[in-house]
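Engineer: Sequence first, predicted model second:
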Amino acid sequence: MELDAKIPKGALEDKWKHYKDTVRLVSPANKRRLEVVIVGTGLAGASAAASLAELGYHVKVFCFQDSPRRAHSIAAQGGINAAKNYQNDGDSVFRLFYDTIKGGDYRSREANVYRLAEVSADIIDHCVALGVPFAREYGGLLANRSFGGVQVQRTFYAAGQTGQQLLLGAYSAMQRQVALGNVEVFARHEMLDLVLIDGKARGIIARNLVTGELERHAGHAVLLASGGYGNVFYLSTNAMGSNVTASWKAHKRGAYFANPCFTQIHPTCIPVSGDYQSKLTLMSESLRNDGRVWVPKKKDDPRKPTEIPEEERDYFLERRYPAFGNLVPRDVASRAAKERCDAGYGVGPSKMAVYLDFRSAMHRYGQAEAHRLGIAHPTEDQILNLGKQIIREKYGNLFEMYERITGENPYETPMRIYPAVHYTMGGLWVDYELMTTIPGLYALGECNFSDHGANRLGASALMQGLADGFFIIPYTIGNYLADEIRTPKISTDHPAFAQAEREVKDRIDRLMSVQGKETVDYYHRHLGKIMWDKCGMARNARGLQEAISEIQALREEFWKNVRVPGDANSLNPELEKAGRVADFLELAELICIDALHRNESCGGHFREEYQTPDGEALRDDEHFAYVAAWEYQDGKNYTLHKEPLQFEVVHPTQRSYK
Amino acid sequence: MHITLKVWRQKNQQDPGHFETYQLDNVNEDMSFLEMFDVLNDKLIREGKDPVAFDHDCREGICGMCSMYINGRPHGPLKGTTTCQLHMRHFKDGDTIVVEPWRAAAFPVIKDLVVDRSAFDRIMQAGGFISVNTGSAPDANTIPVEKDKADAAFAAAACIGCGACVAACKNSSAMLFVSAKIAQLALLPQGQPERKTRVLNMIAQMQKEGFGSCSNIGSCEAECPKEIPITFIAKANSEYLKAMLAADLPE
Amino acid sequence: MGFTGLFLILFLIVHVTINACIFLNDHGQTFNAVAHFMGTNILVHFLELGLFVGLILHIVQGWIIWSSNSKKRPVKYAVWGAKANSHWYSRSMGLLGTLIFIFLVIHLANFWAPNRYHYVVHGEELNLFERMKAVFSHPGVVLIYLGGLVSLSYHLMHGFQSAFRTFGMNSRRYIPIVKGIGVAFAIIVPVLFALMPILLYFKVIS
């Protein structure tokens, strides 16, 4: 199949406007008769549910958590970007667009990214109207801060809980529609298959996680907003339940999976402490605004960080990237930290960590504060104490979280951080309208291959999720549903529903019947280790080939030797996990296949064979300036479809943050 | 360290339930409380027993899904901490830890330590929102908000909806949860148009869901993992009285 | 609850002020004079009626709230760690209220009822000061009174500030003030009352 991204004609800045002006509409009377199924209630899902319901569609929304408010968007800390230029520092839609394209290492679609930058400002307006309590200046107007990879302050935030506040805003907008009867919420439900009728997405099979019942839910269109697949690495900053199952089932039904190897490793996470570790915790990127990253200049330095004098510290990000310093993009910062640790300069018990030090910032803020308070000759202690107050105001909750997890006080000793899997830029391939290769199936937010190319900039995930749900899908879905106004309510008695339900049931029965010796977590951990070692921050052809055969073997063993306790007719978290891990075991192979085929380094995908003499990622625009969209064949083979990336406005160059 | 766990086991909502005692060796002090439960479950599965069902998701203290009642305290002994962020270094070798589900008429047990908190969603549906349709908002900076009010609204909005307030309250009242949302929206200029109906409807729904009434005991504030202050309850009371006494009392 | 509570608090102020007249140690002259006024003035009789209504409302409301709230947790916790998060007296308002009620019955039976009976039957009041001296000569009665007043003190310790919260007082500036006044009130008023039986028993006042 030829991939058609359906990018509107015209100049970059006119495309979206032109699209909106000419797209087909559905009349209010017809909207009432059309049903939309949405899977996932994070920023993308909740905002789509709210805005589609406001338009008059009948929406059914599904989440596996006990409430839509728990979706993992809630854990985003740092902020949300928007090209408001409230700071008068030269920001604009074009700059946000440009930074995103560049940050993504020239592997995203210009038209989509430009549209994202365009609607970014509307998101802030709408969220403020919804009552999201963003940080404000004393004058009552909105405050901003800066984030990695950019030189302007365009990030809006609510302390270190921006994701929570935005999600609760979208959730409340959706709850309003629930009260009005326009949205039905199915919590503790997991989508286990997509139902196609005559080639169109017409519904889903969902398992009621409390009763174990399989349910059929039909709609004129299906929207997946089910998040990323970072948990394929077992240890990641994702929530325990985050999974690829919804997207993967759609993929197996014909939706292409794009750029699966583009995974983001976030530089500032709390290091692993032991084998029992179940997840990793992110320390917001905003900390790099004030924290300086360093390692000792001496290998295996046994001294405490506070005892190492200034001249014996290697501030390696400032050294390597003087222009951006500690605020280089995530992929660059992560690799630099890995490089130092691999070279033997790592710190902490595992030696797989670097320091993130706030002492200079405390000093700087402390001096300013002493000046403000009119303290003439402040002592060093006074300055530091005043500085600590300022740091506490800015990052208090993050510092407390660090202390709770590690038992160390980061006001007194530098934080120890190490990169961890955080976000997946890859996902279901979508066109300009966010439709996948299955007609009527859309993918929103992190679960599509998105606008972030090979690397996402900080504070852009929240922006994309809300852009997709609030401002894009309400327009683009109409273009499809305009043809569906004569389609009556979809019946769940259709044989396609029965068939899909039977297949889901068979798979559950298979999982339950193995009754082997090893737990689901055992396989998940094992898979994670393969992926982290061979398809993590640095990849090479040999490692990827090994990974592929190891994953195949592990998958085979899983189906022979996994043990799922309990039964399928009640709440059974192990069964839920087993189904998700089984899907990860399939996806993992595709990730490695994709990583192996992409013979270049770009963004989060770093192939050791392709680097510049000074160790930076070396892109190959001649051969790889395309989106790799994989079509599912039989579980062993995948067909590659290429969507060439046309750069009409921005000309790819080697990214430089020096 | 060695830990003895007494855990509430209940097959389903109808089952009366009982305690089971488990012994765990080699508990590491850097483990989180939930990671200890992972270890327990791993052991139970290998022994051919049914693992303990418990709610959890983000494991970084923000999603509000984890919900264990540990040694008589929701989320355990540490102030301002969710169960997932509670680490074993706060317990001693040889400790016996009793773990129960949230208990309240409005939070029926689904299985073991998992309870149904959908009542909170229905309270939100009753009025925990600002009625504004997508696309109709003015520029964000045309609505200035005094910084202290914005900060107070944020403090209220920090609620994660975990239900610890209900679990801790002698009356099983949900007033801290309800009042935090009422206060957040009442403090912001955007929340003014629906201020009166919101408080009346949300409180009515809270009562309908079977939560108790608030008698200002203060357990909720002390146990809230996000340390939401009880002053928001007083704020909600004031909103309620004002709405009740308003000359133009809405229907 | 808060409304009737505050109403009763107002009554306590009047009551303690009048009774404090005995501390003048003038053989109860001032006290008896004020008591006579309170016992015979028609307006006060109306207020007294209001007081009883308020008291009964307070009791009925309290009972309704207690009985409704106690049904909200059908399965109890095996371990109840409430002492780590709240004051016992805040959680025991029903119990304290019941104790105070029992005490009130005894108290009314000792003073108010016989006085009224005497007034209705004989057309004149008792000498209440003498009555106090007589009643408080029994150590058992003094102990019951002290018990009742301790209950009252803890009841007020929670109830005073709680009433203000119920009325919506949420200002960060005034809460500490109200709390302070509440604690002071909950200590001073019961102590003043308690001094009466004690001083009369030990005949410091006569």
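Structural biologist: Alright, I've got the coordinates. Residues are numbered from 1 along each chain as shown, chains lettered A, B, ... in the order given.
Engineer: As a check, name the ranges of all helices in chain C.
Structural biologist: For chain C, helices defined by DSSP state H occupy the ranges C:2-19, C:29-40, C:42-69, C:88-91, C:93-107, C:113-122, C:128-135, C:139-166, C:174-201.
Engineer: So for stretch A:283-302, mean pLDDT?
Structural biologist: For stretch A:283-302, the mean per-residue pLDDT is 92.
Engineer: Point out the most buried one among the helices of chain C.
Structural biologist: Of these, the one with the most neighbours on average (mean count of other CB atoms under 10 Å in any protein chain shown) is helix C:139-166, at a mean of 20. (C-beta placed from N, C-alpha, C; glycine too.)
Engineer: Just want the angle from it to helix C:42-69.
Structural biologist: Following axes from the mean of the first three to the mean of the last three CA atoms, to 10 degrees, one obtains 80 degrees for the angle between helix C:139-166 and helix C:42-69.
Engineer: can helix C:139-166 be found next to chain B?
Structural biologist: Yes: residues of helix C:139-166 contacting chain B under CB under 8 Å from any CB of the partner chain: C:His158, C:Gln161, C:Ser162, C:Phe164, C:Arg165, C:Thr166.
Engineer: Please name the nearest non-neighbouring residue to the fourth one.
Structural biologist: The shortest distance from C:Phe164 to any residue that is not its chain neighbour, by CB to CB, 6 or more residues apart in numbering or on different chains, is 4.9 Å, and that residue is C:Val178.
Engineer: hang on, the earlier thing: can you redo the helices of chain C as JSON lines, where the extra columns are mean pLDDT?
Structural biologist: As requested, the helices of chain C are exported to JSON lines (pLDDT from 0 to 100):
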{"stretch": "helix C:2-19", "mean pLDDT": "94"}
{"stretch": "helix C:29-40", "mean pLDDT": "89"}
{"stretch": "helix C:42-69", "mean pLDDT": "94"}
{"stretch": "helix C:88-91", "mean pLDDT": "97"}
{"stretch": "helix C:93-107", "mean pLDDT": "97"}
{"stretch": "helix C:113-122", "mean pLDDT": "90"}
{"stretch": "helix C:128-135", "mean pLDDT": "92"}
{"stretch": "helix C:139-166", "mean pLDDT": "96"}
{"stretch": "helix C:174-201", "mean pLDDT": "95"}
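Engineer: looking at these, which is closest to A:Ile308?
Structural biologist: Checking these against A:Ile308 by CB to CB gives helix C:174-201 as the closest, at 46.1 Å.
Engineer: angle of the closest one against helix C:128-135?
Structural biologist: Using the same axes, to 10 degrees: helix C:174-201 against helix C:128-135 is 70 degrees.
Engineer: any idea how far helix C:174-201 is from the chain center?
Structural biologist: Distance of helix C:174-201 from the chain centroid (CA atoms, centre = their mean, to the nearest Å) equals 11 Å.
Engineer: do stretch C:132-148 as well
Structural biologist: Its chain's average C-alpha position is 15 Å from that of stretch C:132-148, according to CA atoms, centre = their mean.
Engineer: Only alpha carbons, please: show it as PDB.
Structural biologist: Output of stretch C:132-148 as PDB, limited to C-alpha atoms (Å, rounded to 0.1, in the frame of the first residue of the first chain):
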ATOM      1  CA  MET C 132     -25.100  24.900  96.500                       C
ATOM      2  CA  LYS C 133     -23.500  24.700  99.900                       C
ATOM      3  CA  ALA C 134     -25.700  21.700 100.800                       C
ATOM      4  CA  VAL C 135     -25.300  19.800  97.500                       C
ATOM      5  CA  PHE C 136     -21.500  20.300  97.400                       C
ATOM      6  CA  SER C 137     -21.000  19.000 100.900                       C
ATOM      7  CA  HIS C 138     -21.100  15.500  99.500                       C
ATOM      8  CA  PRO C 139     -17.800  14.400  98.100                       C
ATOM      9  CA  GLY C 140     -19.500  12.000  95.600                       C
ATOM     10  CA  VAL C 141     -21.500  14.900  94.100                       C
ATOM     11  CA  VAL C 142     -18.300  17.000  93.800                       C
ATOM     12  CA  LEU C 143     -16.600  14.200  92.000                       C
ATOM     13  CA  ILE C 144     -19.500  13.800  89.600                       C
ATOM     14  CA  TYR C 145     -19.400  17.500  88.900                       C
ATOM     15  CA  LEU C 146     -15.700  17.400  88.300                       C
ATOM     16  CA  GLY C 147     -16.200  14.500  85.900                       C
ATOM     17  CA  GLY C 148     -18.900  16.400  84.100                       C
END
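Engineer: what about the residue sitting furthest away from the middle of chain C, distance to B:Asp50?
Structural biologist: In chain C, the residue that sits farthest from the middle, by CA atoms, centre = their mean, is C:Ala78; the gap is 35.2 Å. Between C:Ala78 and B:Asp50 the computed distance is 21 Å (CB to CB, to the nearest Å).
Engineer: Just read off the phi/psi values of residue 22.
Structural biologist: Went with chain A since none was named. Dihedral pair for A:Thr22: phi -110, psi -10, per degrees, to the nearest 10.
Engineer: wrong chain, I was asking about chain B
Structural biologist: According to degrees, to the nearest 10, the main-chain angles of B:Tyr22 amount to phi -130, psi 150.
Engineer: Would you enumerate the residues in contact with C:Leu195?
Structural biologist: C:Phe23 (CB atoms under 8 Å, 6 or more residues apart in numbering or on different chains).
Engineer: Now A:Leu327. Nearest residue, chain neighbours left out?
Structural biologist: Nearest non-adjacent residue to A:Leu327, counting by CB to CB, 6+ apart: A:Gly148, 5.0 Å away.
Engineer: Show me the chain divided up by domain.
Structural biologist: All of this is about chain A. Structurally, chain A divides into domains by automatic domain parsing as follows: A:268-419, A:500-626.
Engineer: wrong one, I was asking about chain B
Structural biologist: B:3-111, B:117-245.
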